[in-house]
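Q: Give me coordinates for this.
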Amino acid sequence: QVQLVESGGGLVQAGGSLNLSCAASGRTFSSADMGWFRQTPGKEREVVASIAWYGGSTAYADSVKGRFTISRDNNKLMVYLQMNLLKPEDTGVYYCAAKIGRIYNYWGQGTQVTVSS
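A: From the prediction side, this is the model:
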């Protein structure tokens, strides 16, 4: 079991930065691959970044490559998403998720990110 709580969302102007945090609890966190997902109205939830359980492998959606950075601290049970050069199209609810097994099966409640033009 993993419980996830996101924080750090807010309103920012285009070109600005935000750092999202995901606090985890549960013994299996350190063995779980983690991901940040984005949900925007009218669109399916999409993965924007992911990181392997050991932190050595990351992946990004093409739309955020070079602007977003995912990281984790297994000692602190934390996952982060540093978002730079934000664009209005980055607006959405951002979710932290844990993959134990083949699918992401644990989700946080989400944090709203709004980027104004």
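
Q: quick one: the worst-scoring helix or strand of the chain on mean pLDDT to chain centroid distance?
A: Least confident helix or strand, the chain: strand 104-107 with a mean of 94, by mean pLDDT, DSSP states H and E. Taking CA atoms, centre = their mean, to the nearest Å, the mean C-alpha location of strand 104-107 is offset from the chain mean by 12 Å.

Q: do stretch 103-117 as well
A: Centroid separation for stretch 103-117 versus its chain: 7 Å, with CA atoms, centre = their mean.

Q: likewise stretch 21-39?
A: Here stretch 21-39 is found 9 Å from its chain centre; the criterion is CA atoms, centre = their mean.

Q: Between its first and last residues, how far does it reach?
A: 17 Å (CA to CA, to the nearest Å).

Q: Also stretch 41-61?
A: So stretch 41-61: terminal residues 18 Å apart, CA to CA.

Q: What mean pLDDT does stretch 56-75 get?
A: Throughout stretch 56-75, pLDDT has a mean value of 96.

Q: contacts for it?
A: Outside stretch 56-75, the residues that touch it by CB atoms under 8 Å, 6 or more residues apart in numbering are 29-30, 34, 36, 46-53, 55, 78-86, 89-90. (Glycine included, C-beta is placed from N, CA and C.)

Q: what comes up buried for stretch 67-74?
A: Arg67, Phe68, Thr69, Ile70, Arg72 (16 or more other CB atoms under 10 Å).

Q: Check stretch 24-32 too.
A: Ala24, Phe29, Ala32.

Q: Could you check how far the second one is from Tyr54?
A: Separation of Phe29 from Tyr54 (CB to CB, to the nearest Å) stands at 12 Å.
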